[in-house]
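Visitor: quick one, what's the 3D model for this:
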Amino acid sequence: MALVSSLAGSGVVAQAASLIVSLATGPLNYLCVMQHTPPLASNSAASDRGIGGWKPIVAWTVVVVALVAIAMALDPLAYHRVVYTRVYETDWGRALRTVGYWPTWATVSLALWLEDRSRTLGTWRAWSLIGTVTAAGLLGEVCKMALRRERPNAHDGMYVFRPFSDHFFNTSGIGLPSSHAFLAFAAAATLARLFPRTACLWYALAIGCATTRVLAQAHFLSDVVVGAILGLLVAQAAAVLFPYEERLPTS
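Guide: Okay, here's the model as predicted:
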């Protein structure tokens, strides 16, 4: 109780509540608005906007934990009620699934490079995208080896964890996190940073991809939520390590 009171007094709970309301009432609009704020501004600019310090980190941690907890609570309902097992027999379902497919973004990266390879900026955009989604794919496999929760359709929606002694390096049949959601959101966040005016499009495609994984009963709702969060974190880490803004041409 003392910890809760301390957090409430510091404004963390208020910030977390504000973030949850924003995400719940208009996720796509929220994400698009966020693109208008440079994510990698200098420390002084960040301080001027009041986004520095530990409070936002704690607030976002509270939001992430809350989202995962809510998703896990809704897993049984989503698995048994939010179902369309023939989703990948439809053109739109197959198209959305490719948003979480590594070769899709490798092709897009190649197209970006071919279009603008004569400029440093064009080459950077291509490498930024392919590098981020590749890192997301590799980290997704590492997370599966560590978390080891199997796909829901193998156990009629029950949580079953594979023993570490059972083919440790084989991630086939492991659903947490969703690799498709991981890659889709990592790519969406990267492209939203590279092309801010198109942010809504990329996030809509990523959400669509994640939704098909739940509809097909290939993943729990929490699988795709965790995958999406991790994808966003990987993209943000790439943005911090390799800041795009520094490569923008100056007038």
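
Visitor: any weak-confidence spans in the stretch 151-251 of the chain?
Guide: 244-251 (pLDDT under 70).

Visitor: ok, Gly231 - contacts?
Guide: Contact analysis of Gly231 by CB atoms under 8 Å, 6 or more residues apart in numbering lists Ala136, Ala181, Phe182, Leu183, Ala184, Phe185, Ala186, Ala187, Ala188, Ala189, Ala206. From N, CA and C alone the C-beta is placed, and that goes for glycine too.

Visitor: chain neighbours aside, what residue packs nearest to it?
Guide: Phe185 (3.2 Å; CB to CB, 6 or more residues apart in numbering).

Visitor: from the chain's centroid, how far away is the helix or strand harbouring the one you found?
Guide: Element membership of Phe185 [criterion: DSSP states H and E] is helix 179-194. On the basis of CA atoms, centre = their mean, to the nearest Å, helix 179-194 sits 6 Å off its chain's mean C-alpha point.

Visitor: restrict that helix to CA atoms and write it as CSV.
Guide: What follows is helix 179-194, C-alpha atoms only, in CSV (Å, rounded to 0.1, in the frame of the first residue of the first chain):
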residue,chain,number,x,y,z
SER,A,179,6.5,-14.1,-34.2
HIS,A,180,4.1,-12.6,-36.8
ALA,A,181,3.0,-9.8,-34.3
PHE,A,182,6.7,-9.3,-33.3
LEU,A,183,7.8,-8.7,-36.8
ALA,A,184,4.7,-6.8,-37.9
PHE,A,185,4.9,-4.2,-35.1
ALA,A,186,8.7,-3.9,-35.4
ALA,A,187,8.3,-3.1,-39.1
ALA,A,188,5.3,-0.8,-38.5
ALA,A,189,7.2,1.2,-35.9
THR,A,190,10.3,1.5,-38.1
LEU,A,191,8.3,2.6,-41.1
ALA,A,192,6.3,5.0,-39.0
ARG,A,193,9.6,6.6,-37.9
LEU,A,194,11.0,6.7,-41.4
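
Visitor: so what secondary structure elements neighbour that helix?
Guide: Applying 3 or more CB pairs under 8 Å, 6 or more residues apart in numbering; DSSP states H and E, one finds that helix 179-194 contacts helix 102-116, helix 120-147, helix 199-215, helix 221-241.

Visitor: looking at the ones you listed, which is closest to Thr171?
Guide: helix 120-147 (4.1 Å; CB to CB).

Visitor: so which bits of that closest one are buried?
Guide: For helix 120-147, the neighbour count (16 or more other CB atoms under 10 Å) marks 124-126, 128-130, 132-134, 136-137, 139-140, 143-145, 147 as buried.

Visitor: in a strand, that's where His219 is, yeah?
Guide: No. Read with DSSP: H, G, I helix; E, B strand; the rest coil, His219 is coil and lies in no strand.

Visitor: surely it and Pro152 touch.
Guide: Yes. Proximity of His219 to Pro152 meets the contact threshold set by CB atoms under 8 Å, at 6.9 Å.

Visitor: so these two - more neighbours on which side?
Guide: His219 (30 against 26; other CB atoms under 10 Å).

Visitor: report the separation between that one and Gly208.
Guide: 14 Å (CB to CB, to the nearest Å).

Visitor: again, but for Asn170
Guide: Taking CB to CB, one finds Asn170 at 29 Å from Gly208.

Visitor: contacting residues around the residue nearest to Gly231?
Guide: Contacts of Phe185 (CB under 8 Å, 6+ apart): Tyr203, Ala206, Ala210, Gly227, Ala228, Ile229, Leu230, Gly231, Leu232, Ala235.

Visitor: at 6 Å instead, please
Guide: Ala206, Ala228, Gly231, Leu232 (CB atoms under 6 Å, 6 or more residues apart in numbering).
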